[in-house]
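[1] sharing a model prediction with you, sequence too.
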Amino acid sequence: MFKQILAIVLSKFGMSQLPVNTEGKAFLTDDMKAKLTEDFGDKFVSKFESQLAEALKEGLEIDAQSEDMIALRTQLDKMKRDLDAALSDKKEIAAIKADLEKKVELLSKTDEVDKPEEIPVGNMGAKREFKPNMSYAHNKYVDAYFRGDVGAMYSTDETIDTSELQKEFGKYVAGGKVDIMRSLMGDLTDTKFMTTIVTDKTEWRAAQADIDSVLQQFTPYWTPSGKVTFTPITIKNFFLKVNQPIKPADIIDQYLGYMYDENLTPDQMPIVKYIVDELILPKLAEDLQTAMAKGEFVEFEVDKDGTPAEEGHVLAAMDGYVTQLKKLKAKEGNKVTWLLDGVELTRENILEKVESIVTSIAPKYRNKRLPIYCDPDLVRLYNLAYRDKFPTTKNQDADENRLDFTNFYFQPMEGMIGTGAFVLTPKENFKHTMSKNHNEVKIYLQVQNYDVKVFIEFRKGCGFAIQEALFAYLPPAEEDPEGGEGGGV
């Protein structure tokens, strides 16, 4: 209850803390007492002074910059501004003042709990943004930097309390988990060119057939048409993780530099948000795009103590879609249409060879608007060859690199860089899988002395649904120096 009344007093006088006497103890000046008595009555002043004296006697720290105090003062300051703005309208003054006094009375009677009761000021359903706890050591250090208080900027090793950082990290993740998940699961450059499947299954298979016809002549009998002509491919939803160690003392300078460059303040970019949004997610997105295209799952051996015998690698986390194509091609009887088999594409032959693939596409897809998912290096090679042959021709498709006289267009995929591969397929056949259960996605932080460890666990996968709708090119396998055959991709 004392914190609520203290917030009212500070807000009333626009202070961030109470004045202190020569003994270093907080107190109310005579002018402050007179003003409070005029506005709230003798009982309010007496109650506040008695509780202040008791707090000082018990040696309680009066932290006016704590998170809950800042929240209370912010709400009261808003009500005060509303009152000041309404002074020109006498009809509103009495109602607003009565409402303010009612809330003051409510606060003075409310027993204090771990988290102070929020004062109802309207728009109660609005989502509250995460605010850093300014009573924590690392936030005090950052605040001192922005205020230019050199004396408070002591050694970062002493400034970082990892247990406080862990508490703040947990609160940030709890309040913004949906947004973090959206960045983690969907905001990748390549996945926006796929069709997302949300599933709790560890494996997903297409359940609907690729119907080849529905029209037939009338007969008075049930004669179902549409032969099932598809071969489904199993897409695995791989269980993935992030184990990232961070020494907070080492990233403070980097964090302050980032905020300086971006013209941000600590409340706009708390250090826990910086760790997630700037240190973890961008690198994770880069790794995922590589793994989703070129990865090949390796199940590591485990030592007797239960730990992996070797560290995990990005490319060993899951089977990427280019790897899946390689494995499909190695299987006899697959239903994929393989394009330019055995041909190595060069600047001299790429125009002729790529233009020739049109006749290899099944008639039902030949006139459809289809993306050519491909290695970006191939697109550049094609454009250079096109410029060599037609130096005076300008690109009329400013926003789309289209194959002449077709509805096929090149769609470079960042994850395919260096593979030399391409594949034509409808977007509906190119799947990206992710977990349906939000609780399955885990984001947490562990502490160890001055170090912290960030953990993220989630499911993700990708691949193609139907073999018959795949038209793919893989470059010839390179000769292995020891006499075997290389991967080719």
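    Structure's in. What do you need? Residues are numbered from 1 along each chain as shown.
[2] quick check: Leu345 touching Gly420?
    Yes. When contacts are counted by CB atoms under 8 Å, Leu345 is listed as touching Gly420 (7.1 Å). Any C-beta I mention is one placed from the backbone N, CA and C, and that applies to glycine too.
[3] check which helix or strand Glu355 maps to.
    In the assignment (DSSP states H and E), Glu355 maps to helix 350-356.
[4] coming back round to it: what touches both of Leu345 and Gly420?
    Leu378, Pro475 (CB atoms under 8 Å, 6 or more residues apart in numbering).
[5] burial measure for Gln446, as a count.
    Per other CB atoms under 10 Å, the neighbour tally for Gln446 reads 14.
[6] show the low-confidence segments of the stretch 101-250 of the chain, by residue range.
    101-129, 149-159, 184-187, 208-219, 221-229 (pLDDT under 70).
[7] okay, strands next: where are they in it?
    Using DSSP state E, counting those that start in this stretch, the strands of the stretch 101-250 of the chain run over 195-199, 203-204, 235-236, 238-246.
[8] by contact count, what packs against the first one?
    In this structure, strand 195-199 makes packing contacts with strand 430-435, judged by 3 or more CB pairs under 8 Å, 6 or more residues apart in numbering; DSSP states H and E.
[9] can you check what angle separates the strand it packs on from strand 195-199?
    With axes from the mean of the first three to the mean of the last three CA atoms, to 10 degrees applied, the angle from strand 430-435 to strand 195-199 works out at 30 degrees.
[10] about what we covered before: packing partners for the helix holding Glu355?
    The helices and strands touching helix 350-356, judged by 3+ CB pairs under 8 Å, 6+ apart, are helix 376-389.
[11] quick check: what element follows the helix it packs on along the chain?
    strand 408-412.
[12] tell me which other helices or strands that following strand touches.
    strand 370-374, helix 376-389.
[13] out of these, which gets nearest to Phe146?
    helix 376-389 (41.6 Å; CB to CB).
[14] in that closest one, what's buried?
    Pro376, Leu378, Val379, Leu381, Tyr382, Ala385, Tyr386 (16 or more other CB atoms under 10 Å).
[15] next one: stretch 331-345
    Asn334, Val336, Thr337, Trp338, Leu339, Leu340, Leu345.
[16] make a markdown table out of those residues and add distance to Gln448.
    Below are these laid out as a markdown table (distance: CB to CB, whole Å):
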| residue | distance to Gln448 |
| --- | --- |
| Asn334 | 50 |
| Val336 | 49 |
| Thr337 | 54 |
| Trp338 | 52 |
| Leu339 | 53 |
| Leu340 | 54 |
| Leu345 | 51 |
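[17] so which of the residues you listed is the closest to Ile357?
    Of the buried residues of stretch 331-345, the one sitting nearest to Ile357 (CB to CB) turns out to be Leu339, at 4.8 Å.
[18] list the contacts for that closest one?
    So Leu339 contacts Ile357, Ser360, Leu424, Phe471, Ala472, Tyr473 (CB under 8 Å, 6+ apart).
[19] got it, and Ala53?
    So Ala53 contacts nothing (CB under 8 Å, 6+ apart).
[20] pretty sure it sits in a strand.
    No. Under DSSP: H, G, I helix; E, B strand; the rest coil, Ala53 falls outside any strand and is assigned helix.
[21] against Lys47, how distant is it?
    Distance, Ala53 to Lys47, by CB to CB, to the nearest Å: 11 Å.
[22] over to Leu315?
    For Leu315 relative to Lys47 (CB to CB), the value is 67 Å.
[23] what residue of the chain is the furthest out?
    No residue in the chain sits farther from the centre than Pro220, which is 57.5 Å out by CA atoms, centre = their mean.
[24] how far away is it from Asp39?
    To Asp39, Pro220 is 91 Å away according to CB to CB.
[25] tabulate the buried residues of helix 376-389 in a markdown table, adding columns for pLDDT and distance to Lys327.
    A markdown table is the format used below for the buried residues of helix 376-389 (pLDDT from 0 to 100; distance: CB to CB, whole Å):
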| residue | pLDDT | distance to Lys327 |
| --- | --- | --- |
| Pro376 | 95 | 23 |
| Leu378 | 95 | 21 |
| Val379 | 94 | 25 |
| Leu381 | 95 | 26 |
| Tyr382 | 94 | 27 |
| Ala385 | 94 | 31 |
| Tyr386 | 92 | 33 |
